[in-house]
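>>> Okay, here's the prediction I keep looking at, along with the sequence it came from:
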Amino acid sequence: MKLNYLRGLLAVLLVSLLASCGGSKGPKNAQGQLIGVSPRPKYTPPVPYGMVYVPAGTFHMGPSDEDVNYAYTARNKSISISGFYMDATEITNNEYRQFVQWVQDSIAHILLGHVKHDDGQDIIDWKQKINWRDKATVEKLDAMIYSEADRLYGRKDVDVGKLIYHQETFNWDKAKLRENFGKPRSTFIVKKDVPIYPDTLCWIRDFSYAYNEPMTRMYFWHPAFDNYPVVGVNWHQATAFCEWRSKFWEDYRNSKKLFTEDKFQLPSEAQWEYAARGGREQTPYPWGGYYIRNKKGCLLANFKPGRGNYPEDGGFYTVRADAYWPNDYGLYCMAGNVAEWTADIFYENAYSFTSDMNPYLRMDVPDDAPLKMKRKAIRGGSWKDVGYFLQTGTRTYEYQDSAKSYVGFRCTIALSRRNKHK
């Protein structure tokens, strides 16, 4: 017993001697003071291309006019929102095609063996070229080509149903639960494969006995519609796009030894409404005012005027994503053109229990869940909606696994932007 005590005392004395002899100097030039880890590089927050900054603030979330439906799904409530960046326009066909092409090329690279090993992982070698016109190359890509029975005039087109993005996300809602404390990280990692090609048939599915086949055939791929908002994208595909965009940017910044940033995501309902108002408190539309026409009688958004005069506002279907005047934050078409997915589930009484600081009601549910569980909130109204749905406080929904010709999306990201102090 006495021997063990002496050994313990000797160990304490040895640690003390090491410390006094410089064994734990800590940061260089610290001189025994608490100065943090140094040196640290200077940080200048980047501005993502095509995005505008929406500053932090407080607003009254909910209807700015009478609730004509008396549904009471949007009670007026004071909300505080932290600053974030948001796409100035809805995601366009051409922007979404970048995602589709990336997925297509990544699958092709793997089939062609354009893979290199780095730190125990197989990584696509993007420096390799794919010659889609070479017959020998196309033969090697047979696994992603339509079968002979599905070809038109024998053309070997890519089977868009095989364009699948492998998505890996972290379930923060599950990780925060007290009963999950201490569980391995793998418990909260969600992996799923998402078919990402837009449902172009939505143009003829959404409207009975209407000739919209030209839009089905042309809208997504024709260059005339490059800068029009992408549609036919369900909620899963929109979130997969956000995840890919995050990883795409993160990989680039890592290659340049730059700081990684937060992830792109769909806006929450509160973020969307706050951004749509553009700093105008208690006004029903993004441009303010109580009217959908200006003083010259010109319509201020793309929607369904009157009893169905679709072309009166300048667009029969959708219009360019940057059409009409932006709101005071520089955001285009926050009313009309296409309605937009948000991250939140749609729950009628959500405002009564969500926080008054960055309210967020995210829940991932399987597609075989009851219909009521699969509702996701959409905002802004669309080219086929009446003026009521253009109001910033109006709430409605679509099902997460449904793709519509009048629903698109835009992204947000919270960057480490310096606050301005008084």
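Thanks, I have it.

>>> The longest helix anywhere in the chain packs against which elements?
Among the segments of the chain that qualify as a helix by DSSP state H, the longest is helix 235-255. Identification of packing neighbours for helix 235-255 by 3 or more CB pairs under 8 Å, 6 or more residues apart in numbering; DSSP states H and E yields helix 93-111, strand 164-170, strand 189-195, strand 339-345. For glycine as for every other residue, the C-beta is placed from the backbone atoms N, C-alpha and C.

>>> Deepest-packed of the ones you listed, please.
Highest mean neighbour count among the helices and strands packed on helix 235-255 (mean count of other CB atoms under 10 Å): strand 339-345, with a mean of 26.

>>> Relative to the helix or strand following that strand, what are the paired strands and their orientations?
Using DSSP states H and E, the helix or strand that follows strand 339-345 in sequence is strand 375-379. Strand 375-379 sits in its sheet next to strand 339-345 (antiparallel), strand 396-399 (antiparallel), going by DSSP bridges.

>>> circling back to that earlier point, so which of the helices and strands packed on helix 235-255 is nearest Ala210?
Evaluated over these, closeness to Ala210 peaks at strand 339-345, with 18.9 Å, by CB to CB.

>>> how big is the angle separating the closest one from helix 235-255?
Interaxial angle of strand 339-345 relative to helix 235-255 (axes from the mean of the first three to the mean of the last three CA atoms, to 10 degrees): 90 degrees.

>>> any idea of the mean pLDDT for strand 339-345?
Strand 339-345 shows a mean pLDDT of 97 in the predicted model.

>>> And the contacts of it?
Residues from elsewhere that reach strand 339-345 (CB atoms under 8 Å, 6 or more residues apart in numbering): 90, 235, 238-239, 265-269, 271-272, 350, 360-363, 365, 373, 375-382, 385, 389, 396, 398, 404, 406-410.

>>> Go again with 7 Å.
For strand 339-345, contacts defined as CB atoms under 7 Å, 6 or more residues apart in numbering pick out 90, 235, 238, 265-269, 272, 360-363, 375-382, 406-410.

>>> now swap in stretch 300-309 and tell me
With contact meaning CB under 7 Å, 6+ apart, stretch 300-309 is reached by 287, 292-294, 299, 310, 312-313, 315, 318-319, 323-324, 335-337, 381, 383-387, 390.

>>> Just the buried residues of those residues.
The neighbour-count test (16 or more other CB atoms under 10 Å) marks 287, 292, 299, 313, 315, 318-319, 323-324, 335-337, 381, 383-385, 387, 390 as buried among the contacts of stretch 300-309.

>>> how about stretch 76-96: buried residues?
77, 79, 81, 84-93, 95-96.

>>> tell me the two of the residues you listed that are most distant?
Between any two of these, the greatest separation by CB to CB is 36.2 Å, found for Lys77 and Asn93.

>>> Would you format the strands paired with strand 375-379 as TSV with distance to Gln31 included?
Listed next are these as TSV, based on distance: least, CB to CB, whole Å:
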stretch	distance to Gln31
strand 339-345	48
strand 396-399	61
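
>>> Which one of these lies nearest to Phe188?
Phe188 lies closest to strand 339-345 among the strands paired with strand 375-379, at 17.8 Å (CB to CB).

>>> shaky segments in the stretch 101-250 of the chain?
Within the stretch 101-250 of the chain, no range satisfies pLDDT under 70.

>>> How far off centre is stretch 391-403?
15 Å (CA atoms, centre = their mean, to the nearest Å).

>>> can you give me the strands in this protein?
51-54, 57-61, 77-81, 84-87, 115-118, 121-124, 164-170, 189-195, 339-345, 375-379, 396-399, 407-408, 412-413 (DSSP state E).

>>> of the helices and strands packed on helix 235-255, which approaches Ala30 most closely?
Of all those, strand 164-170 comes closest under CB to CB, at 35.1 Å.

>>> Tell me which residues are up against the closest one.
103, 188-196, 240, 243-244.

>>> In its sheet, which strands sit next to it, and in what direction?
Sheet pairing of strand 164-170 (DSSP bridges) gives strand 189-195 (antiparallel).

>>> Contact partners for the closest residue to Arg245 other than its chain neighbours?
Closest residue in space to Arg245, ignoring its immediate chain neighbours: Phe264 at 4.6 Å, by CB to CB, 6 or more residues apart in numbering. Applying CB under 7 Å, 6+ apart, one finds that Phe264 lies in contact with 242, 245-246, 411, 413.
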